[in-house]
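S.K.: sequence and predicted structure are below.
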Amino acid sequence: MFERLSLEEASYIRYADLLAHLEERFPAVTRSRIEQIIGAETEAITGGALRIVPSEVETGAVEMLERESGTSDEGEVA
């Protein structure tokens, strides 16, 4: 069972800041390995269930899905 936190109770860090911090702290580890570890830890903590997603994700997802399905809001084929 997940413990519910309000946004005020939860702490967040920007992905880019976390990556930069870990690269500085562990200079012998490659960026790709650090990114793999961040992804694995995110999955372990969230169980893959994201509750907060940047709104820009929707914009990008719509563009990709329109290209894949051959549709767009303007009636154009991507």
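M.R.: Thanks, I have it.
S.K.: what about residue 16, neighbour count?
M.R.: By the measure other C-beta atoms under 10 Å, the count of residues near residue 16 is 8. C-beta: built from backbone N, CA, C; applies to glycine.
S.K.: mind listing what's buried in the helix or strand harbouring it?
M.R.: Assigned by DSSP states H and E, residue 16 belongs to helix 15-25. Across helix 15-25, burial judged by 16 or more other C-beta atoms under 10 Å covers residue 22.
S.K.: so which elements touch that helix?
M.R.: Counting contacts by 3 or more C-beta pairs under 8 Å, 6 or more residues apart in numbering; DSSP states H and E, helix 15-25 is packed against helix 31-46.
S.K.: just the buried positions in the next helix or strand after the helix it packs on, please.
M.R.: Counting by DSSP H and E, the element after helix 31-46 in chain order, helix or strand, is helix 55-69. Using 16+ other C-beta under 10 Å as the test for burial, helix 55-69 gives residue 66.
S.K.: and helix 55-69, C-alpha only, in CSV?
M.R.: What follows is helix 55-69, C-alpha atoms only, in CSV (Å, rounded to 0.1, in the frame of the first residue of the first chain):
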residue,chain,number,x,y,z
SER,A,55,2.1,18.7,-18.9
GLU,A,56,4.7,18.8,-21.7
VAL,A,57,4.6,15.0,-21.7
GLU,A,58,1.1,15.0,-23.0
THR,A,59,2.1,17.4,-25.8
GLY,A,60,5.0,15.2,-26.9
ALA,A,61,2.9,12.0,-26.5
VAL,A,62,0.2,13.4,-28.7
GLU,A,63,2.7,14.4,-31.4
MET,A,64,4.2,10.9,-31.4
LEU,A,65,0.9,9.1,-31.4
GLU,A,66,-0.4,11.3,-34.3
ARG,A,67,2.7,10.4,-36.3
GLU,A,68,2.3,6.7,-35.5
SER,A,69,-1.4,6.6,-36.3
